[in-house]
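Engineer: this one's structure only:
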């Protein structure tokens, strides 16, 4: 069997960002509306700071307003909730994102619940979680949405009857990913760390989405020949191994790319696969939130992006 084709998430994300920028320009021209995204960062986690900088860069490039609130690590819950309340009531802010993880003194669920669900561009508010679970239109978590876009770009928009398996059950990726696939008429299975004989399940999947946070856990023995493999994981190797003998510190996914490449039909690389789609879908959600917040009839303007 020939090696799998790589799914180029970077190229797809670039195309999506260009489309979003066009929609933003139309919103400005026709309705004098510039979508605004507020990002809240508490503390100085290096990975979070890099991610926030990338979000700000992409937001500005799309022609949107980027608003940053950087708070000290010892910020109290009351202080953060007060800031969120202000952003909720600010008409120039269409999307609010609180960068996770938060310092220990802050309760993540309480903070996320405080965000106006119509500005919840991460899609983590319980109202949006419920809408997704019931198949009702709303704001969808960015990473699962990006994964679905890549899957449909690879297989076509009709996924009816496909066997899809999600490996991982997190609230951020696993559960919403399963809901999206169900809404696309896939037959969906979720497996996780407690599932017995995981390979018996994964080898039946036409579509395999892996989000477990374990470097290169999935090899060719988990894969159905000809499957589409979406690798959500991003891990930095802490030591050398047989596949990367001189690459301590190398970024890898949850899938052993070199081995799975030999049996899958298509696969996302790490980096350059799912990662770029997450930020592009954040831009997508911000424009969508601008429409929801303003309650204008932008259907024609935003056709193809909502």
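Structural biologist: Arrived safely, thanks for sending. All of these numbers come straight from a predicted model, not from anything done at the bench.

Engineer: which outside residues touch stretch 42-59?
Structural biologist: 17, 37, 39, 41, 65-66, 68, 71-73, 75, 80, 97-103, 106, 279-280, 282-283, 286 (CB atoms under 8 Å, 6 or more residues apart in numbering). All C-beta spots, glycine's among them, are computed from the backbone N, C-alpha and C.

Engineer: ok, now stretch 139-150?
Structural biologist: 7, 9, 12-13, 16, 117-118, 120-125, 128, 132, 172-173, 176-177, 180-181, 184, 209, 211, 230, 232, 268, 273-274, 277-282, 284-285, 288-289, 292.

Engineer: In three-state terms, label the closest residue to residue 189 other than its chain neighbours for me.
Structural biologist: With CB to CB, 6 or more residues apart in numbering as the criterion, residue 189 has its nearest non-adjacent residue at 4.7 Å, and that residue is residue 165. At residue 165 the chain is in strand, as set by DSSP: H, G, I helix; E, B strand; the rest coil.

Engineer: surely residue 165 meets residue 201?
Structural biologist: Yes - with contacts counted by CB atoms under 8 Å, residue 165 reaches residue 201, the gap being 6.0 Å.

Engineer: circling back to that earlier point, buried subset of the contacts of stretch 139-150 as a ChimeraX selection?
Structural biologist: In ChimeraX, a selection of the buried entries from the contacts of stretch 139-150 looks like this (16 or more other CB atoms under 10 Å):
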select :7,9,12,13,16,117,118,120,121,122,123,124,125,128,132,172,173,176,177,180,181,184,209,211,230,232,268,273,274,277,278,279,280,281,282,284,285,288,289,292
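
Engineer: Now, the contacts of stretch 139-150 that are in strands?
Structural biologist: Among the contacts of stretch 139-150, DSSP state E puts 209, 230 in strands.

Engineer: Would you mind finding the longest helix in the protein?
Structural biologist: helix 9-31 (DSSP state H).

Engineer: and the gap between residue 82 and residue 289?
Structural biologist: 22 Å (CB to CB, to the nearest Å).

Engineer: Check residue 51 too.
Structural biologist: When residue 51 is compared with residue 289 (using CB to CB), they lie 19 Å apart.

Engineer: can you pull out the helices in the stretch 1-150 of the chain?
Structural biologist: 9-31, 46-61, 77-89, 108-114, 126-133, 142-155 (DSSP state H, counting those that start in this stretch).

Engineer: which of these sits most buried?
Structural biologist: helix 142-155 (a mean of 22; mean count of other CB atoms under 10 Å).

Engineer: Could you check the angle that one makes with helix 126-133?
Structural biologist: In terms of direction (axes from the mean of the first three to the mean of the last three CA atoms, to 10 degrees), helix 142-155 departs from helix 126-133 by 20 degrees.

Engineer: Helix 142-155 versus strand 163-167: what angle between them?
Structural biologist: Here the directions of helix 142-155 and strand 163-167 differ by 150 degrees (the same axes, to 10 degrees).
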